[in-house]
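> Structure for the following, please:
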Amino acid sequence: MTNLKTRGWVLNALVAAIYIVLSIGPASLNLASGAIQFRLSESLNHLVVFDRKYIVGVVTGVVIFNAIFSPLGWLDVVFGGGQSLLGLLLVGWVAPKLRQLWARFALNIAVMTITMALIAVEIVWTGHLSFATMFLPTYVSLMLSEFIIMTISAPIMYGLDKIVHFHAAIVRK
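A predicted model of the protein is given here:
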């Protein structure tokens, strides 16, 4: 039992580290924060489709990256970490009820895209922008960004699972 718990913590620490590393490239091009975000690391959200135990690693990666690299600092920790936690908890709760893997991926893409509303609120609020005129365009650009990266990465994560076996990796005895 202890080895299984240790394995889970180590795998989640690796997921968090990979999230941070995959975010640094887009951050150097100003594509990891703001109204247009193409974080390659968002592909790791798909790990929750295979097992909800990965929520800890993904959310930890988001929180650490935002704490260190986001120009909004702690606010991005709260909003970005909150968006990831909320979305992934919902996916982690509903996905096991879906039999087809493609349906779990579709759920994940939809939930993570829709929950970008929290990031839109953060950007409009911290930018002292008019909520009435700027929320919708900001939200649409964030939704498109998230939808694109999540859709492109779904078949990649599916292919990686054929090699790595994400579910078995975290629950292996």
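> any idea which helix or strand carries residue 99?
Per DSSP states H and E, residue 99 falls between elements, in no helix or strand.
> neighbours of it, just the number please.
Counted with other Cβ atoms under 10 Å, residues neighbouring residue 99 total 7. Heads up, the C-betas are built off the backbone N, CA and C, glycines and all.
> can I get the CA coordinates of stretch 67-77 in CSV?
Coordinates of the C-alpha atoms in stretch 67-77 are reproduced here as CSV (Å, rounded to 0.1, in the frame of the first residue of the first chain):
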residue,chain,number,x,y,z
ALA,A,67,2.9,31.4,-9.2
ILE,A,68,6.4,31.6,-10.8
PHE,A,69,5.8,32.8,-14.4
SER,A,70,2.4,34.5,-14.6
PRO,A,71,2.4,38.3,-14.7
LEU,A,72,-0.7,38.2,-12.6
GLY,A,73,1.0,36.2,-9.8
TRP,A,74,-1.3,35.0,-7.0
LEU,A,75,-4.5,36.0,-8.8
ASP,A,76,-3.5,33.6,-11.6
VAL,A,77,-2.8,30.9,-9.0
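> Buried ones in it, by neighbour count?
By neighbour count with 16 or more other Cβ atoms under 10 Å, stretch 67-77 contains the buried residues 69, 70, 72, 76, 77.
> Give me the helices and strands touching the lengthiest helix in the chain, please.
The helix of greatest length in the chain, counted in residues with DSSP state H as the criterion, is given as helix 131-164. With contacts taken as 3 or more Cβ pairs under 8 Å, 6 or more residues apart in numbering; DSSP states H and E, helix 131-164 sits against helix 47-50, helix 101-114, helix 117-126.
> And these, which one averages the lowest pLDDT?
Looking over the helices and strands packed on helix 131-164, mean pLDDT reaches its minimum on helix 117-126, with a mean of 94.
> hmm, who's touching that one?
In this structure, residues lying in contact with helix 117-126 by Cβ atoms under 8 Å, 6 or more residues apart in numbering are 34-35, 37, 72, 75-76, 79-80, 82-83, 86, 129-131, 134-135, 138-139, 142.
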